[in-house]
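Trainee: Okay, sequence plus prediction incoming.
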Amino acid sequence: MRSHLLNDTTTEHYRRSVTEGVERVAAKLAATDRPFTGVTVDDLAPRIDAIDLDQPLRDTTAVLDELEDVYLRDAVYFHHPRYLAHLNCPVVIPAVLGEAVLSAVNSSLDTWDQSAGGTLIERKLIDWTAARIGLGPAADGVFTSGGTQSNLQALLLAREETKTEDLAKLRVFASEVSHFSVQKSAKLLGLGPEAVVAVPVDHDKRMQTVALAHELERCAEAGLVPMAVVATAGTTDFGSIDPLPEIAGLCEQYGAWMHVDAAYGCGLLASLKYRHRIDGIECADSVTVDYHKSFFQPVSSSAVLVRDAATLRHATYHAEYLNPRRMVTERIPNQVDKSLQTTRRFDALKLWMTLRVMGADGIGALFDEVCDLAAEGWRLLAADPRFDVVVEPSLSTLVFRYIPAAVTDPAEIDRANLYARKALFASGDAVVAGTKVTGRHYLKFTLLNPETTTADITAVLDLIAGHAEQYLGESLDRAC
Ligand SMILES: *Cc1c(COP(=O)(O)O)cnc(C)c1O
């Protein structure tokens with residue numbers, strides 16, 4: 001069994017195993033002609049259930065064969081140009097290389113004595129990101145597992161900065177289309193059920209600053225504490241960007257912490273063409289960035305950045321077994337002092353490899369391409385009488401629905417769109433997402449693959465229309 005431990009005596013086994021795995025994935029990527037096979041839970045569950053984990057196969061090749069059957073064959077492939085559903089990106093090769101290196105070396109970024117150079121690389125990437133945002137000389141931050149954790153940490157700092165003991169008094173303002181992690185965080189932070197105030201959005205799904213001002217005023221009048229305003233720079237559903245400069249002004253006026261959730265829109269930090277769309281982000285007290293969304297990084301890769309490094313002390317605890325207080329005076333850099341996690345992956349290495357091989361402009365150019373594609377897709381949809389499209393994209397999302405000429409019952413139109421999405425998923429020809437707009441079912445393309453073309457968009461729209469028409473035809477038959 002010791003032959004499976006990665007060390008100086010097993011490097012040949014390591015090379016062979018990893019190469020075999022890489023060959024399998026490479027063959028898979030080359031051969032997939034659809035983003036999904038349409039496998040169902042009922043198809044797949046028995047195959048996985050049948051495997052006895054107490055009866056190992058022992059042989060790597062046999063295990064990879066089995067993996068083909070239970071996972072690789074039917075996985076959802078984000079590299080395919082017709083995967084258009086959620087905020088998942090195809091990944092760049094330098095980052096995948098980084099992933100292979102970081103898991104083999106297996107540094108843990110909690111303390112200097114578990115990572116050495118890894119800690120300094122992470123710090124440099126945090127400084128790089130903070131500088132791109134424009135957070136100023138006192139900025140800092142830390143890598144996290146994702147936007148959810150970044151938002152939680154940012155709101156923890158905001159809560160502590162209020163120095164308010166009565167948590168029931170705290171209010172967090174976020175647009176009605178902000179990410180649900182804001183509410184989850186509020187709950188975890190012990191805030192009351194009324195704590196998150198949903199601020200209405202305008203026609204373009206951007207927070208209405210007049211409404212925000214009104215809510216902040218009401219909060220002040222009621223003797224409550226405006227703990228934070230969460231501005232979303234790229235909503236998950238629409239890619240809409242809240243008006244950051246105006247929100248910054250209101251935060252200043254009412255003494256509220258400004259958090260910018262740029263989990264999606266952070267790709268613009270590297271953009272050559274559209275960086276101005278997130279102007280005002282430099283006013284934030286904290287920022288969430290998800291490199292695993294718009295920097296083409298493998299999951300996980302995310303960070304929370306803060307304007308004032310000192311605020312990270314709210315996440316600092318010392319333990320004799322790990323990061324004793326004396327290490328601070330000895331100037332030993334322990335990232336755990338800034339993090340909610342303890343043992344933590346060296347995810348930063350993926351971004352490092354990416355920037356060193358491709359440069360920031362390379363990443364930004366890829367993100368610009370998908371933003372341009374979305375703009376083109378919007379023109380196609382707006383000109384197509386079969387579809388209703390909402391919100392001209394600020395990033396790379398299109399939200400639309402099929403609107404049959406002959407049907408007026410909105411519930412029936414909802415069902416036709418829901419059916420089209422399910423039928424498309426079952427066929428595996430394309431994967432699209434869905435959401436609700438003013439109570440009605442819509443479909444959504446999140447475009448993050450620069451390989452997707454307008455021809456793909458046109459083809460998928462035709463497939464959607466075909467499935468929806470088929471549903472309506474059958475529904476008519478049922479009625480007769
Ligand atoms: C995806 C997303 C999140 C959550 O990020 P995870 O990495 O999935 O945890 C938070 N906010 C916004 C706006 C997002 O799009």
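Mentor: Here it is on my side, so go on.
Trainee: could you pull out the helices for the stretch 101-250 of the chain?
Mentor: Secondary structure of the stretch 101-250 of the chain (DSSP state H, counting those that start in this stretch): helices at 117-133, 147-162, 181-188, 209-221, 244-254.
Trainee: out of those helices, which comes closest to V336?
Mentor: Among those, the nearest to V336 by Cβ to Cβ is helix 117-133 (10.1 Å). Heads up, the C-betas are built off the backbone N, CA and C, glycines and all.
Trainee: Can you pull out the residues in contact with that closest one?
Mentor: By Cβ atoms under 8 Å, 6 or more residues apart in numbering, the residues outside helix 117-133 that reach it are 107, 109, 111-112, 139-143, 269-270, 281-282, 284, 287, 289, 303, 305, 333-335, 346, 348-349, 351-352, 355, 360.
Trainee: Check the gap between the closest residue to E469 other than its chain neighbours and E165 for me.
Mentor: Nearest residue to E469, sequence neighbours excluded (Cβ to Cβ, 6 or more residues apart in numbering): P404, at 7.1 Å. Distance, P404 to E165, by Cβ to Cβ, to the nearest Å: 57 Å.
Trainee: okay, the two: which has more neighbours?
Mentor: Set P404 next to E165 and count neighbours by other Cβ atoms under 10 Å: P404 wins out with 16 against 6.
Trainee: Spatially nearest residue to T342, not counting backbone neighbours?
Mentor: Nearest residue to T342 in three dimensions, chain neighbours excluded: D110, at 5.2 Å (Cβ to Cβ, 6+ apart).
Trainee: can you count the residues close to the one you found?
Mentor: 20.
Trainee: Looks like it contacts R344 (just checking).
Mentor: Yes - assessed by Cβ atoms under 8 Å, D110 is found in contact with R344 at 5.6 Å.
Trainee: Identify the residues contacting Q341.
Mentor: By Cβ under 8 Å, 6+ apart, the contact set of Q341 is D110, T144, S145, Q149.
Trainee: same question, T458
Mentor: T458 touches L380, counting by Cβ under 8 Å, 6+ apart.
Trainee: likewise the one 5 residues further on?
Mentor: Residues touching L463, when contacts are defined by Cβ under 8 Å, 6+ apart, comprise L424, S427, D429, A430.
Trainee: quick one on the thing from earlier: tell me which element the residue nearest to E469 is part of?
Mentor: Using DSSP states H and E, P404 is not contained in any helix or strand.
Trainee: Output the set of residues of the chain in proximity to the ligand.
Mentor: Contact residues, the chain versus the ligand (Cβ under 6 Å from any ligand atom): 87, 146-148, 151, 179, 181, 232, 236, 261, 263-264, 290, 302.
Trainee: all strands of the stretch 201-350 of the chain, in order?
Mentor: For the stretch 201-350 of the chain, applying DSSP state E, counting those that start in this stretch gives strands covering 225-232, 257-262, 286-290, 302-306.
Trainee: Direction included, what does the first one pair against?
Mentor: With DSSP bridges as the criterion, the sheet partners recorded for strand 225-232 are strand 170-175 (parallel), strand 257-262 (parallel).
Trainee: want to throw those into JSON lines with mean neighbour count?
Mentor: Formatted as JSON lines, the strands paired with strand 225-232 follow (neighbours: other Cβ atoms under 10 Å):
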{"stretch": "strand 170-175", "mean neighbour count": "26"}
{"stretch": "strand 257-262", "mean neighbour count": "28"}
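Trainee: Format the ones you listed as TSV; extra columns: mean pLDDT.
Mentor: Shown next, in TSV, are those (pLDDT from 0 to 100):
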stretch	mean pLDDT
strand 170-175	98
strand 257-262	99
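Trainee: Would you convert those strands into TSV that also reports distance to A468?
Mentor: Shown next, in TSV, are the strands paired with strand 225-232 (distance: least, Cβ to Cβ, whole Å):
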stretch	distance to A468
strand 170-175	30
strand 257-262	33
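Trainee: okay, now S301: neighbour count?
Mentor: S301 has 29 neighbouring residues, counting by other Cβ under 10 Å.
Trainee: mind listing what it touches?
Mentor: Applying Cβ under 8 Å, 6+ apart to S301 gives the contacts A95, F143, D290, Y291, H292, F295, D347, A348, K350, L351.
Trainee: if you set the cut-off to 6 Å instead, what comes out?
Mentor: By Cβ atoms under 6 Å, 6 or more residues apart in numbering, S301 lies in contact with Y291, H292, D347, K350.
Trainee: which one of these sits closest to the ligand?
Mentor: Using Cβ to the nearest ligand atom, H292 comes nearest to the ligand of the contacts of S301, at 6.3 Å.
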